[in-house]
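Participant: Kindly generate the corresponding structure for this input.
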Amino acid sequence: MDDEFERAFKKILDYEGGYSDEQKDHGGKTKYGITEKLARDYGHEGEMKDLELEKAKEIYYREFWANHLYSWIEDERIATEVFEQAVNMGAKTANKHLQKAYNLLADKEIAVDGIIGQRTLEAVNNFEHNSDLFKLLNILQAKKYINIVKNDASQQKFIRGWLRRVELDIDSRKS
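Facilitator: The predicted model follows:
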């Protein structure tokens, strides 16, 4: 695991916290943001509240960071942002956000297929307006949260927390 992943993982822990069993949360029981289903897919057999931090780290690395080539995104802020969104709303959605944001800003378009491959990496890594790309990623994230609540009123209780997450992301561009 590389240093960039270590920093991104620490950011995820700031958002995802410890054990949660919120009835209205569609993710069900989670620990460190890892759903019970995903933990089981990676061999966790015990109670979710007993999931170890190192196991969560392994899952985040293998399922998201390495599997979706986030380490190949040269701008660490962009890589971390897409990773953070993938953890929260699924990799395909996060990857599409990256592709859509790029297409809104760039002169040439890339496919919006939710897969980070050679063309997406080449386009994003050669893009010169990463601050704008970062802002648009956060705007698309907020829009997704708004649409979730619009389509499912039971999720309204989570909107403030989600929007704080977006605000924190935008503020972090200063550092």
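
Participant: Contact partners for the most centrally placed residue in the chain?
Facilitator: The centre of the chain sits closest to Q85, judged by Cα atoms, centre = their mean, with a distance of 2.0 Å. Contact partners of Q85, counting by Cβ atoms under 8 Å, 6 or more residues apart in numbering, are T93, A94, H97, L137, Q141. C-beta here means a position set from N, CA and C on the backbone, and glycine is covered the same way.

Participant: How is the protein divided into domains?
Facilitator: Following the assignment in automatic domain parsing, the chain carries domains at 1-67, 74-175.

Participant: Can you redo those domains as CSV, where the extra columns are mean pLDDT?
Facilitator: CSV is the format used below for the domains of the chain (pLDDT from 0 to 100):
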stretch, mean pLDDT
domain 1-67, 89
domain 74-175, 90
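
Participant: need the helices for this structure, in chain order.
Facilitator: 3-16, 36-41, 53-59, 76-89, 91-105, 118-125, 130-151, 159-172 (DSSP state H).

Participant: in the second one, what counts as buried?
Facilitator: Think helix 36-41. Residues of helix 36-41 classed as buried by neighbour count (16 or more other Cβ atoms under 10 Å): E36, L38, A39.

Participant: Same check on stretch 110-121?
Facilitator: I110, G114, I116, T120.

Participant: my guess is the second one meets K96, correct?
Facilitator: Yes. Proximity of G114 to K96 meets the contact threshold set by Cβ atoms under 8 Å, at 4.6 Å.

Participant: With adjacent residues omitted, what lies nearest to V166?
Facilitator: In this structure, V166 finds its nearest non-sequential neighbour in A142, 4.7 Å apart by Cβ to Cβ, 6 or more residues apart in numbering.

Participant: Would you check how far apart the one you found and K108 are?
Facilitator: Using Cβ to Cβ, to the nearest Å, one gets 26 Å for the distance from A142 to K108.

Participant: higher neighbour count, these two?
Facilitator: With neighbours defined as other Cβ atoms under 10 Å, A142 and K108 compare such that A142 has more, 18 against 7.

Participant: and the more buried one, how far is that from M1?
Facilitator: With the distance defined as Cβ to Cβ, A142 ends up 30 Å from M1.

Participant: Equivalent analysis for G46, please.
Facilitator: 23 Å.

Participant: list the contacts for the residue nearest to V166?
Facilitator: W162, L163, V166.

Participant: wait, doesn't the last one sit right on N138?
Facilitator: Yes. Taking Cβ under 8 Å as the definition, V166 is a contact partner of N138 at 5.2 Å.

Participant: which of the two has more neighbours?
Facilitator: Counted by other Cβ under 10 Å, V166 and N138 do not tie: N138 has more neighbours, with 22 against 19.

Participant: Buried ones among the contacts of Q85?
Facilitator: A94, H97, L137, Q141.
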